[in-house]
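**Q** okay, here's the prediction I keep looking at, along with the sequence it came from:
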Number of protein chains: 2
Amino acid sequence: MEPHEPDLAAVPVTSVLAALADDVRLQIVRALAEGGESACGSFDFGISKATRSHHLKVLREAGLTRTRAAGTSRLVRLRRDELNELYPGLLDAVLTQRPPA
Amino acid sequence: MEPHEPDLAAVPVTSVLAALADDVRLQIVRALAEGGESACGSFDFGISKATRSHHLKVLREAGLTRTRAAGTSRLVRLRRDELNELYPGLLDAVLTQRPPA
DNA sequence: ACCCTTGTTCGACAATAATCGAACAACGAC
DNA sequence: GTCGTTGTTCGATTATTGTCGAACAAGGGT
């Protein structure tokens, strides 16, 4: 099975941005940025596992994450370096927590 | 009539990203970045004026542009400085033209 | 005044995307 | 092998968003 992890340069910018333009996925990305490689199940916001799987797929296919199998789990990690090389400032801009209004 | 140009800091990050995650709007933003303040009508990609007006509204309400009346036209401009202050690197990341695949 | 140009708004429709439950697959443990 | 855990995939539903034509509004020119 191909894990469908595209070359980041081959992904349209709009797809990268769209992947980040969702609250749930942004929470996932932030968790990954803080906690490093994590199992899918660790992203337990108030959503079903079907929905979680969907969001992880969107992130993966947008070139933002990589996934590898580890026993019965799957470990997900941010493609930080590639992201920073191709879109310098983008991750930081998105990850920076600003004071609540 | 209120032009509905919110404080950028009050706009959720996801809304800013969503505004940029569309091909038509990205073309508009690029045109604004290159050409400076422009009339709405100058963004003549293959869309109706209703659709164009809609996209400009999305950009404006996401805090990305400002609009002012000028005779029978309306001039739109990018809120570059505010954007770069609040999301350093974001505009550059999005504007940078990478070589086509 | 009248018309033309420029935009916006409305209502409808089409396309896209988020969400869920249920069924399925892979693995480890026992 | 069987069972429980962890994820994925399928099908359906709902919500959101892009798109358009038509109607409307505001200005400038003649």
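**A** Structure received. Residues are numbered from 1 along each chain as shown, chains lettered A, B, ... in the order given.

**Q** for the residue in chain A that chain B sits nearest to, which non-adjacent residue is spatially closest?
**A** Closest residue of chain A to chain B, C-beta to the nearest C-beta: A:Gly89 (1.4 Å). Quick note: C-beta positions are derived from backbone N, CA and C, even for glycine. Nearest non-adjacent residue to A:Gly89, counting by C-beta to C-beta, 6 or more residues apart in numbering or on different chains: B:Gly89, 1.4 Å away.

**Q** does that neighbour touch A:Leu90 like I think?
**A** Yes: assessed by C-beta atoms under 8 Å, B:Gly89 is found in contact with A:Leu90 at 6.2 Å.

**Q** looking at these two, which is more packed in?
**A** More neighbours surround A:Leu90 than the other of B:Gly89 and A:Leu90, with 23 against 17 (other C-beta atoms under 10 Å in any protein chain shown).

**Q** just list the residues touching the nearest residue to that one once chain neighbours are set aside, thanks.
**A** Excluding the flanking residues, the one nearest A:Leu90 by C-beta to C-beta, 6+ apart is B:Ala93, at 4.1 Å. B:Ala93 makes contacts with A:87-90, A:93, as judged by C-beta atoms under 8 Å, 6 or more residues apart in numbering or on different chains.

**Q** how about the residues you listed in TSV, adding pLDDT?
**A** Shown next, in TSV, are these (pLDDT from 0 to 100):
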residue	pLDDT
A:Tyr87	95
A:Pro88	94
A:Gly89	93
A:Leu90	95
A:Ala93	91
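
**Q** nearest to DNA strand C, of those?
**A** A:Leu90 (17.8 Å; C-beta to the nearest atom of the strand).
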